[in-house]
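# build me a structure from this.
(one chain, ligands or ions: 1)
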Amino acid sequence: MKRRRAFSGIQPTGNLHIGNYLGAIRQWVALQVEFESIFCVVDLHAITVPQDPRVLKGKIRETAGILFASGIDPKTVFVQSHICAHAELAWILNCNIPMGWLNRMTQFKEKSQRQRERVMAGLFDYPALMAADILLYETDIVPVGEDQKQHVELARDVAQVFNATYGLTFKIPEPLIPEAGARIMGLDDPGKKMSKSEDRPGHAIYLLDPPDAIRAKIMHATTDSLRDVRFEESRPGIYNLLVIYEAFSGLSRPDIEARFEGRGYADFKRELAEVVIAGLNPLQSRYQEVTADPAFLDSQLAEGGNRVRPLAEKALRLAKERMGLG
Ligand code: AQP
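Just a heads-up that it's a prediction; the model follows:
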């Protein structure tokens, strides 16, 4: 029987953090068994905000290296800009997405506030490109963190409208959000999502952070003036740290609360740091190995692109035919 297909992407921007890992990468690794998987380093998405060209190339390799080191099969990974069909289908979808839908996207509202006068049309249009990414591969599920759910829903909506207008063309994808770790918040500001583009020291735990940096960041994480270690959403700092503990330890919430009964925040933070360090250790040790030869890594990415290109081109051809193009 044909396996169902999972597709997702990650931007090669800044340093990947434990939010990216718990919200996305870790479940991608697990899903590979059940689903035929395709994962994309979305460099065309990265340029929706300014990037230094000298840095971007290195970040593409680093991101792919982290995916490989986490246990993603290199055969299933490719770079978005290697496949022209992404940009071309994005244009076609652009002509089928009402402006009002894009106006409602919360990520655009947040990111455009940070960019102020440098907001480019591409940032506004990010969801159209993401819809193209997903719809090119007859995707069944899109494993993402909570922040990307709205974009996957827009991809579903545009696929439905396109199918209704021009005839059956696209499969309708479903978002898949993990139970634990779907929205990890900043350590310095638990009111805001942990994000690569927030580069304040102490904001995020990066996947390649050495153990001492992880300990220092967790010990300095913002909490409150209370003492008891409990999952209460009204106390966002300690709640976020507990969610990180839950996601890395695999323990249940009652077990975690029982474990830290009467022990206070400092004790909890010390133990959390060790759980995170141990959780990232396999990835960090493999990372050096998989990135040792950049030319080989590039060739793996090129092969990944060659493998999926026929799928993308077939889907694009059908969409163009349906619209009467060419
Ligand atoms: N804080 C988070 N908690 C859980 N999941 C998260 N993801 C991102 N941040 C968190 C998930 O990671 C995957 C890859 O994200 P992305 O690179 O496509 O971009 P993003 O969602 O915009 O993430 P960042 O870290 O905030 O990057 P920048 O600052 O570059 O935009 C996605 O599945 C996302 O849900």
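# ok, and what's touching the helix or strand bottoming out on mean pLDDT in the chain?
For the chain, counting by mean pLDDT, DSSP states H and E, helix 106-115 ranks last in confidence among helices and strands (a mean of 89). In this structure, residues lying in contact with helix 106-115 by CB atoms under 8 Å, 6 or more residues apart in numbering are 49, 102, 119, 123-124, 126-127, 147-148, 150-151, 197. Where you see a C-beta, it was placed from the backbone N, CA and C, and this is true even at glycine.
# please pick the buried ones from these.
For the contacts of helix 106-115, burial is judged from neighbour counts taken by 16 or more other CB atoms under 10 Å, and it is met by 49, 102, 119, 123-124, 126-127, 147-148, 150-151.
# give me the nearest residue to Leu154, chain neighbours excluded.
With CB to CB, 6 or more residues apart in numbering as the criterion, Leu154 has its nearest non-adjacent residue at 4.8 Å, and that residue is Pro127.
# ok, the residue of the stretch 51-200 of the chain found nearest the ligand - contacts?
With CB to the nearest ligand atom, the shortest gap between the stretch 51-200 of the chain and the ligand falls at Gly145, namely 2.4 Å. Remark: with contacts taken as CB under 8 Å, 6+ apart, Gly145 is in contact with 19-20, 22-24, 177-178, 181-184.
# for the least confident helix or strand of the chain, buried residues please.
107-108, 111-112.
# could I get the phi/psi values of Leu123?
Here is the backbone geometry of Leu123 (degrees, to the nearest 10): phi -70, psi -40.
# now it. Nearest residue, chain neighbours left out?
Counting by CB to CB, 6+ apart, Leu123 lies nearest to Thr48, which is 4.3 Å off, once chain neighbours are set aside.
# now swap in Phe248 and tell me
Nearest residue to Phe248, sequence neighbours excluded (CB to CB, 6+ apart): Gly279, at 4.1 Å.
# distance from the host helix or strand of that neighbour to the middle of the chain?
Taking DSSP states H and E as the criterion, Gly279 maps to helix 264-291. Using CA atoms, centre = their mean, to the nearest Å, we find the averaged C-alpha position of helix 264-291 to lie 20 Å away from the chain's own average C-alpha position.
# and if you look at stretch 261-271?
Stretch 261-271 sits 30 Å away from the centroid of its parent chain (CA atoms, centre = their mean).
# please apply the same query to stretch 85-95.
On the basis of CA atoms, centre = their mean, the separation between the geometric centre of stretch 85-95 and that of its chain is 21 Å.
# for it, which positions count as buried?
85-86, 88-90, 92-93.
# and those as JSON lines, adding secondary structure, distance to Val55 and pLDDT?
Conversion of these to JSON lines gives the following (DSSP: H, G, I helix; E, B strand; the rest coil; distance: CB to CB, whole Å; pLDDT from 0 to 100):
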{"residue": "Ala85", "secondary structure": "helix", "distance to Val55": "26", "pLDDT": "98"}
{"residue": "His86", "secondary structure": "helix", "distance to Val55": "22", "pLDDT": "98"}
{"residue": "Glu88", "secondary structure": "helix", "distance to Val55": "27", "pLDDT": "98"}
{"residue": "Leu89", "secondary structure": "helix", "distance to Val55": "28", "pLDDT": "98"}
{"residue": "Ala90", "secondary structure": "helix", "distance to Val55": "24", "pLDDT": "98"}
{"residue": "Ile92", "secondary structure": "helix", "distance to Val55": "31", "pLDDT": "98"}
{"residue": "Leu93", "secondary structure": "helix", "distance to Val55": "29", "pLDDT": "98"}
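# just checking, what packs against the longest helix anywhere in the chain?
For the chain, the helix reaching the highest residue count under DSSP state H is reported as helix 294-323. When contacts are defined as 3 or more CB pairs under 8 Å, 6 or more residues apart in numbering; DSSP states H and E, helix 294-323 packs onto helix 53-70, strand 77-79, helix 85-94, helix 149-166.
# now it against helix 53-70, angle please.
For the pair helix 294-323 and helix 53-70, the angle between their directions (axes from the mean of the first three to the mean of the last three CA atoms, to 10 degrees) equals 100 degrees.
# dump the residue contacts of Arg104.
Contacts for Arg104 (CB under 8 Å, 6+ apart) come out as Gln150.
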